[in-house]
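Engineer: What follows is a predicted structure for the sequence shown.
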Amino acid sequence: MTKTHAHNHSHQKRTGRNLLFSIVLNIVITVAQVIGGLLSGSLSLLSDALHNFSDVLSLIVSYFANRLAKKEASIKRTFGFKRAEIMAAFINAASLIIIAIFLVFEAVERLQNPQEISVGIVIILSIVAILGNGLSVLLLQKDSKVNMNMRSAYVHLLTDLMASVAVLLGGLLMRFYELFWIDSVLTFAIAVYLIIVGYDLLRKSFKILMLYTPDTIEVKEIVATINALPKVKSIHHVHVWQLNEEETHLEAHIDFSADIPVSEFGEILHTIEAIVHEKFEINHVTLQPEFDKEDSKDIIVQD
């Protein structure tokens with residue numbers, strides 16, 4: 001089996017620089033919002049600061065995961081650190097949900113006891129956060145389309161951008177209409193949105209970590225396709241999983257109707273690799289050839 005892997009090192013360096021810049025930018029925003037939230041008494045500004053702090057942590061995790069993923073495999077780590085970015089996505093998604101739940105309780109408590117807020121500080125700092133997070137979102141937008149780790153960082157920043165916009169709108173409503181309860185309502189809405197986007201990322205990264213079959217692949221269709229090949233009696237004991245977002249693996253036993261030579265098995269294997277790559281985007285295939293062997297022929301076998 002011949003595998004070809006291409007690595008764009010300039011792209012990786014750019015991604016690292018973008019993450020570092022976003023980390024520094026969000027640290028500045030977080031400190032400013034914490035100070036401003038305490039001075040103004042705005043819960044929505046403090047909640048936005050807390051979310052920004054979670055962004056800092058998630059971006060740091062993403063940055064180190066991105067660096068780890070580039071390390072080569074070794075005798076002790078035959079897969080290298082290819083799953084580091086999936087782990088980062090899972091951690092970041094979980095942190096989004098935990099923070100959101102905390103914000104829900106805080107919003108409900110503040111809604112029951114509304115307080116007067118220094119609106120000017122809220123408006124100024126929300127504009128600063130919008131500009132900072134907007135720039136970070138633009139820097140990570142391209143990478144977010146092809147990498148789950150970058151997508152988790154991007155979603156953190158995007159939701160915080162939206163939260164900052166909501167805080168700005170709330171600040172304007174409080175300034176001109178003195179609707180101070182809107183601060184708690186916005187916090188609650190931000191938290192609910194965080195739970196929704198966090199759960200989606202958590203679910204997807206969890207499936208990869210738990211070796212689920214990708215949603216886009218039908219195992220029975222793979223089996224039917226391979227079983228239709230000449231001299232193939234059955235393919236069974238099938239495992240299909242993702243190592244990360246770039247690598248999908250197929251492992252199975254393949255039973256032949258005749259005692260074929262190794263060279264012929266190699267030709268059939270090459271044909272199967274081409275078929276599953278084209279039809280199912282599977283790029284790593286490991287098959288155990290069998291002839292007249294007494295074992296379970298079920299598609300899925302409990303190991």
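Structural biologist: Everything's here; your move. The shown structure was predicted, so the numbers you read here are calculated from the model rather than taken from an experiment.

Engineer: Ser148 touches Ile86, doesn't it?
Structural biologist: For residue 148 the amino acid is Met, not Ser. Yes. Under the criterion of Cβ atoms under 8 Å, Met148 makes contact with Ile86 at 6.3 Å. In this view, the C-beta of every residue, glycine as well, is placed from N, C-alpha and C.

Engineer: Overlap of the contact sets of those two?
Structural biologist: With contacts defined as Cβ atoms under 8 Å, 6 or more residues apart in numbering, the residues shared by Met148 and Ile86 are Ser205, Ile208, Asn244, Glu245.

Engineer: Of those residues, which is the most crowded?
Structural biologist: Ranked by the number of neighbours (other Cβ atoms under 10 Å), these place Ser205 first, at 26 neighbours.

Engineer: Give the residue spans of this protein that score low on pLDDT.
Structural biologist: Counting by pLDDT under 70, the chain contains low-confidence residues at 1-15, 51, 115-116.

Engineer: The same query, at a cut-off of 50, please.
Structural biologist: Across the chain, the ranges flagged by pLDDT under 50 are 1-10.

Engineer: Which stretches in it count as helices?
Structural biologist: Along the chain, counting by DSSP state H, helices occupy 9-40, 43-69, 84-112, 119-144, 148-177, 182-209, 219-227, 262-280.

Engineer: would you list those in CSV and tack on distance to Phe291?
Structural biologist: Formatted as CSV, the helices of the chain follow (distance: least, Cβ to Cβ, whole Å):
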stretch, distance to Phe291
helix 9-40, 45
helix 43-69, 40
helix 84-112, 38
helix 119-144, 48
helix 148-177, 41
helix 182-209, 35
helix 219-227, 15
helix 262-280, 10
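
Engineer: circling back to that earlier point, kindly indicate which of the shared contacts of Met148 and Ile86 lies nearest Leu38.
Structural biologist: Of all the shared contacts of Met148 and Ile86, Ser205 has the smallest distance to Leu38: 34.5 Å, by Cβ to Cβ.

Engineer: does that closest one really touch Ile86, like I thought?
Structural biologist: Yes. Using Cβ under 8 Å as the test, Ser205 is close enough to Ile86 to be in contact (5.4 Å).

Engineer: which residues do the two both contact?
Structural biologist: Overlap of the contact sets of Ser205 and Ile86 (by Cβ under 8 Å, 6+ apart) consists of Met148.

Engineer: Could you pull up the residues touching Leu172?
Structural biologist: Neighbour list for Leu172: Ile123 [criterion: Cβ under 8 Å, 6+ apart].

Engineer: In its sheet, which strands sit next to the strand ranked longest in the chain, and in what direction?
Structural biologist: The strand that spans the most residues within the chain, counting by DSSP state E, is strand 232-242. With DSSP bridges as the test, strand 232-242 is paired with strand 248-256 (antiparallel).
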